[in-house]
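K.L.:
What would the 3D arrangement of this be:
(one chain, ligands or ions: 1)
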Amino acid sequence: MARPLALCAALALLALPHLGHASIVTSTPPNHAHFDFVVIGGGTAGLALAARLSGHPGISVLTIEAGRDNRTDAATQSLLEFGGVLGGPLDWSWATAEGRTIDGGKTLGGSSSINGAAWTRGQDAQYDAWNALLEPEERAVGWGWSEDSGLLHYMQKSETFHAPDALQRAQLNASHSVATPVFLALKSRQK
Ligand SMILES: Cc1cc2nc3c(=O)[nH]c(=O)nc-3n(C[C@H](O)[C@H](O)[C@H](O)COP(=O)(O)OP(=O)(O)OC[C@H]3O[C@@H](n4cnc5c(N)ncnc54)[C@H](O)[C@@H]3O)c2cc1C
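P.N.:
Take a look at the predicted model:
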């Protein structure tokens, strides 16, 4: 029973109401502290969720991450290092029955800290085809693409899009948002 707790205790990210959006990264969270929400896993989804929750005044959030804070590690910062982290301590390297491994980031930021940094979405028709397979009451939840109530709406709520330069702007359509937790940038064409 103690094992999951020991695993989870590696790193905690606290977002406290009196600090507004501010957060603290610590490996020794305060004893007997109470939080309104506890998010397990400080990866792409977990941190986006925690950031949005802690944006509400008066709400405190604890995010528990199994990995460490490797934000200053060049391996998590440089796209040129991409691939070098695979199989190392920042990679869960989950074993499969076929003897292969599945990669996943074991560090603050999760897989977004070790991935190729290309922010990819499926095609709208794929989400709509997926939605069409569901029972009517499940479809009503909004698993299709729709801008108003479907997945595009929630994808936009999870990201902050850094505006492109004039040339890039000329090449992009207006399908991204600019005010939410996951920060995006365009890859330079010179690299
Ligand atoms: C090598 C690689 C390259 C990729 N390249 C791209 C790309 O270029 N473009 C793209 O769009 N997508 C890419 N992806 C996929 C993308 O990174 C993931 O889909 C996305 O980050 C998943 O987000 P998530 O929040 O579901 O999981 P993650 O970001 O993986 O977060 C899960 C977090 O939970 C933590 N955790 C797990 N178990 C526990 C526990 N028991 N207690 C506490 N914490 C725990 C993990 O350590 C991790 O930090 C790539 C993924 C990998 C692995």
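
K.L.:
Find the closest residue to the ligand in this protein.
P.N.:
Of all residues in the chain, residue 43 sits closest to the ligand, with a separation of 1.7 Å (Cβ to the nearest ligand atom). For the C-beta atoms, the positions are set from N, CA and C on the backbone; glycine is no exception.

K.L.:
Surely that residue is in contact with residue 105?
P.N.:
Yes. The pair residue 43 and residue 105 qualifies as a contact (Cβ atoms under 8 Å) at a distance of 6.4 Å.

K.L.:
Residue 164 - that's part of a strand, no?
P.N.:
No. Counting by DSSP: H, G, I helix; E, B strand; the rest coil, residue 164 is not part of a strand but coil.

K.L.:
And the pLDDT for it?
P.N.:
With respect to pLDDT, residue 164 scores 70.

K.L.:
got the domain boundaries for this protein?
P.N.:
2-65, 74-113, 124-184 (automatic domain parsing).

K.L.:
what's the longest helix in the chain?
P.N.:
helix 44-54 (DSSP state H).

K.L.:
Any buried residues in it, and which?
P.N.:
Residues of helix 44-54 classed as buried by neighbour count (16 or more other Cβ atoms under 10 Å): 44, 46-51, 53-54.

K.L.:
Tell me who's in contact with the nearest residue to residue 95 once chain neighbours are set aside.
P.N.:
Once flanking residues are discounted, residue 95 sits nearest to residue 101: 5.9 Å by Cβ to Cβ, 6 or more residues apart in numbering. Residue 101 makes contacts with 87, 93-95, as judged by Cβ atoms under 8 Å, 6 or more residues apart in numbering.

K.L.:
With pLDDT and secondary structure added, can I get the residues you listed in CSV?
P.N.:
Output for the contacts of residue 101, formatted as CSV (pLDDT from 0 to 100; DSSP: H, G, I helix; E, B strand; the rest coil):
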residue, pLDDT, secondary structure
87, 94, coil
93, 97, coil
94, 97, strand
95, 95, strand
